[in-house]
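# Based on what follows, work out the 3D shape:
(2 chains)
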Amino acid sequence: MNWLVGIALLTSALSGLLVVTSRIPRRQIYAMGANGVALALLFFVLQAPDVAYSEIAVGTVIVPLLFLITLAAVAVNRARP
Amino acid sequence: MTGSWRLALLAPALVVLAIAAAQVILAMPAFGHPLSQYGATVDALVPMLRNVSNMVAAVNFDIRSIDTLGEESMLICAVTATVVLLRGHRGEGMTECAGRLPGRVWLERSDATVLMCRLAATTLFLYGVNVVLHGTVTPGGGFQGGAIAASSFVLIYLGEGYSTWRDVLHSETLAAVEGFGGFVFAMAAMVPLAFGYAAAQNVLPLGTWKDLYSGGLMVIVNAAVGVAVIGSFGVLLMEFMEETRAPKPGDEDDEDQEEGA
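Numbering: from 1, shown residues only, chains lettered A, B, ... in the order given. Next up is the predicted model:
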């Protein structure tokens, strides 16, 4: 079980690093979604399924979506004549 | 201030921070340390006292119910503020189509996408409701289930397109659902007061352990939170999505531009 925790910690750290190092906003949002999945797996491995549910629903669906919508809104508004 | 001065200031700050961080880290309990006393007490007593098997729900909706009421109000306030900010600038009008970047290629949705979205949206919504209903029995509960159910709305947009999404979801209905959930929670806290008990005291029959009805008042509070979260997230998604719609004559944006021109 311990090596599973180790793997989950490593993947969440690596995916978090991806969020920080990506320079294109859209790519950063996808990396954030991936980080959410990794964190949810970590919570699940640490026996906190409640938190894992919230992390999947909020951290990988709602928040990245709101960021994507914001990017789209900025692009659409800028393109208006 | 020059760069060398900033570095000179940074160095002592980093030293102080490193010492403080090292002290905190060394004082922390070991990784995977056994439960805290509070957790152990809840685990030992609550299954007998409240007949529920999900201790997280018991803490959220019964033992610390007033805290959760505060959090719920915060969620509703935050969503209301978002609506006021966004809608105040944009107006309440509806348009037929989503906004589009000029020059971007327009691709028809494939049948597979539509089918998958329809299947997944209904399944996801039902699963979210299921998680809400079993909040006192299995991991999950009002917030988690509500968020899962609300994320199925996104699949309607993805599978059916902007105009159907606007036809299916009404922002008034979602707002009413949100308010109703918050109201029921507030009532669950206040009605016991009227009968001389403490606020949100669990006065209902407790039900059977591991049964769908277990936990008395917790069942109502849990469902109210689920309903409120579905409404809040729906309103939030709709208001954000409206930012990308095509502008219509009479919208404030257009008026601004006319004045500017």
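
# separation between the nearest residue to B:Ser73 once chain neighbours are set aside and B:Arg64?
Nearest in space to B:Ser73, with sequence neighbours left out and distances taken as C-beta to C-beta, 6 or more residues apart in numbering or on different chains, is B:Gly182 at 7.0 Å. For every residue, glycine as well, the C-beta is placed using N, CA and C. When distance is defined by C-beta to C-beta, to the nearest Å, B:Gly182 is 18 Å away from B:Arg64.

# picking that back up, so what does the helix or strand encompassing the residue nearest to B:Ser73 touch, helix or strand wise?
Assigning secondary structure by DSSP states H and E places B:Gly182 in helix B:171-194. With contacts taken as 3 or more C-beta pairs under 8 Å, 6 or more residues apart in numbering or on different chains; DSSP states H and E, helix B:171-194 sits against helix B:65-90, helix B:217-242.

# Next, format the ones you listed as JSON lines and append distance to A:Tyr30.
Formatted as JSON lines, the entries for these read as follows, by distance: least, C-beta to C-beta, whole Å:
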{"stretch": "helix B:65-90", "distance to A:Tyr30": "24"}
{"stretch": "helix B:217-242", "distance to A:Tyr30": "18"}
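
# Among those, show me which one is buried the most.
helix B:217-242 (a mean of 25; mean count of other C-beta atoms under 10 Å in any protein chain shown).

# ok, that one near chain A or not?
Yes. Contact between helix B:217-242 and chain A, assessed by C-beta under 8 Å from any C-beta of the partner chain, occurs at B:233, B:236-237, B:240-241.

# From those, pick the one nearest B:Thr138.
For those, the residue nearest B:Thr138 by C-beta to C-beta is B:Phe233; the value is 21.4 Å.

# confidence score at the residue nearest to the closest one when sequence neighbours are not counted?
Beyond its immediate neighbours in the sequence, the residue positioned closest to B:Phe233 (C-beta to C-beta, 6+ apart) is B:Ala150, lying 3.4 Å away. The predicted local distance difference test score for B:Ala150 is 93.

# correct me, but B:Ala150 touches B:Ile230?
Yes. B:Ala150 is within contact range of B:Ile230, at 5.1 Å (criterion: C-beta atoms under 8 Å).

# any residues in contact with both of those two?
Residues touching both B:Ala150 and B:Ile230 (C-beta atoms under 8 Å, 6 or more residues apart in numbering or on different chains) are B:Gly128.

# quick one: B:Leu169 from chain A, how far?
15 Å (C-beta to the nearest C-beta, to the nearest Å).

# Okay, now the unreliable bits of chain B?
Counting by pLDDT under 70, chain B shows low-confidence ranges at B:1, B:96, B:247-261.

# Alongside chain A, which residues does it contribute?
B:32, B:54, B:56, B:99-102, B:131, B:139-141, B:143-145, B:147-148, B:150-151, B:154, B:233, B:236-237, B:240-241, B:243-244, B:247, B:253, B:257.

# C-terminal to the host helix or strand of A:Arg27, which secondary structure element comes first?
Assignment of secondary structure by DSSP H and E places A:Arg27 within helix A:25-45. Once the chain leaves helix A:25-45, the next helix or strand it forms, by DSSP H and E, is helix A:49-54.

# ok, back up a step: from the residues of helix B:217-242 next to chain A, which single one is nearest chain A?
B:Phe240 (4.6 Å; C-beta to the nearest C-beta).

# residue contacts, that closest one?
By C-beta under 8 Å, 6+ apart, B:Phe240 lies in contact with A:66, A:69-70, A:73, B:82, B:86.
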